[in-house]
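Trainee: Any chance you could fold what I've pasted below:
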Amino acid sequence: MAEVIITESEDEAGRIYADCAANLIRTKPDCVLGLATGSSPLAAYQALAARVKDDGIDVSRVRGFALDEYAGLDPRHPQSYRSTIERTVIEPLGLDPAKVHVPNGNLETIADAGHEYDAAIEAAGGVDLQILGIGTDGHIGFNEPGSSLASGTRIKTLTERTRIDNARFFDGAIDQVPTHCITQGIGTILKARQLVLLAFGAGKAEAVAETVEGGISSFCPASALQLHPHATVIIDEAAASRLRNRDYYKWAYANKPSWQSI
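Mentor: Model (predicted):
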């Protein structure tokens with residue numbers, strides 16, 4: 001079972017992630033961070049950036065791999081995930097842009113891009129710490145419901161629900177949201193040594209409940225986290241509202257040994 005931490009705020013959740021990531025970077029300066037976009041990880045990136053600055057942590061050797069990218073969207077487009085990662089991660093943390101990789105969504109080469117991306121992750125030694133958000137339908141990365149739990153990085157067709165949810169990043173114009181993407185598969189994500197999923201708000205409550213306490217099913221892709229030996233789910237009270245065992249999760253975290261990190 002994944003560890004579940006219920007926080008008072010997104011800022012508190014961000015600090016918990018920042019503690020974990022900062023300790024990893026100190027002990028393994030060339031560590032590999034798995035990077036997600038969307039609104040959920042922002043507090044985590046901001047907290048880590050503050051920690052890096054305040055503690056003078058050397059991040060010059062840190063490497064990163066993003067989860068996904070829109071297919072056919074120019075990497076220079078402000079809503080491409082290459083641009084988003086540059087704004088929200090590379091620049092605030094001071095990472096070397098050459099060491100941070102995003103799947104190649106170029107339509108001319110996308111047929112082989114998935115295999116190449118998985119090979120690049122493997123050549124880097126694998127992801128040490130993967131941060132994840134979750135969609136209202138339980139998707140992680142762009143692994144929509146029905147995605148194989150053994151899948152590698154590949155092309156996927158976005159659901160209409162995901163395109164509607166993401167239209168807010170395109171000034172509300174759903175017709176501007178691409179219909180396809182390239183995403184790390186569930187199988188790729190599960191190879192990371194540690195997973196941290198962040199979710200906030202009542203709109204994520206059903207997906208969180210299915211992820212943590214439901215059956216493992218491709219129709220809730222995030223439920224695959226139950227298969228991982230080192231997964232942590234960090235949520236606020238609203239996102240935890242449908243969990244049957246939330247009182248136990250609070251008890252377990254309150255009584256967690258001081259020597260045990262997430």
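Trainee: What's the local residue count around D171?
Mentor: 8 (other C-beta atoms under 10 Å). For every residue, glycine as well, the C-beta is placed using N, CA and C.
Trainee: mind checking how far it is from A13?
Mentor: With the distance defined as C-beta to C-beta, to the nearest Å, D171 ends up 28 Å from A13.
Trainee: Ignoring the adjacent residues along the chain, who's closest to E10?
Mentor: With sequence-adjacent residues excluded and distances taken as C-beta to C-beta, 6 or more residues apart in numbering, E10 is closest to A43, at 4.2 Å.
Trainee: What is the burial count for the one you found?
Mentor: Neighbours of A43 under the rule other C-beta under 10 Å: 21.
Trainee: Using the three-state scheme, assign it.
Mentor: Of the three states, A43 takes helix according to DSSP: H, G, I helix; E, B strand; the rest coil.
Trainee: can you pull out the helices in the stretch 101-250 of the chain?
Mentor: Along the stretch 101-250 of the chain, the stretches classed as helices by DSSP state H, counting those that start in this stretch are 110-123, 160-166, 186-190, 205-213, 246-254.
Trainee: Now tabulate the ones you listed in CSV and tack on mean pLDDT and mean neighbour count.
Mentor: Formatted as CSV, the helices of the stretch 101-250 of the chain follow (pLDDT from 0 to 100; neighbours: other C-beta atoms under 10 Å):
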stretch, mean pLDDT, mean neighbour count
helix 110-123, 97, 15
helix 160-166, 87, 16
helix 186-190, 98, 23
helix 205-213, 98, 22
helix 246-254, 97, 13
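Trainee: Let me know which of those helices is the nearest to D55.
Mentor: Closest to D55 of the helices of the stretch 101-250 of the chain, according to C-beta to C-beta: helix 246-254, at 24.3 Å.
Trainee: same for the closest one, what does it pack against?
Mentor: Judged by 3 or more C-beta pairs under 8 Å, 6 or more residues apart in numbering; DSSP states H and E, helix 246-254 is in contact with strand 3-7.
Trainee: Parallel or antiparallel, which strands does the strand it packs on pair with?
Mentor: strand 231-236 (parallel) (DSSP bridges).
Trainee: Next, the angle helix 246-254 makes with the partner strand.
Mentor: 110 degrees (axes from the mean of the first three to the mean of the last three C-alpha atoms, to 10 degrees).
Trainee: CA atoms only for strand 231-236 - export them in CSV, please.
Mentor: Only the C-alpha atoms of strand 231-236 are listed here, as CSV (Å, rounded to 0.1, in the frame of the first residue of the first chain):
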residue,chain,number,x,y,z
ALA,A,231,5.1,5.2,-3.4
THR,A,232,3.8,8.2,-1.4
VAL,A,233,0.5,10.0,-2.0
ILE,A,234,0.5,13.6,-0.6
ILE,A,235,-3.0,15.2,-0.6
ASP,A,236,-5.0,17.9,1.2
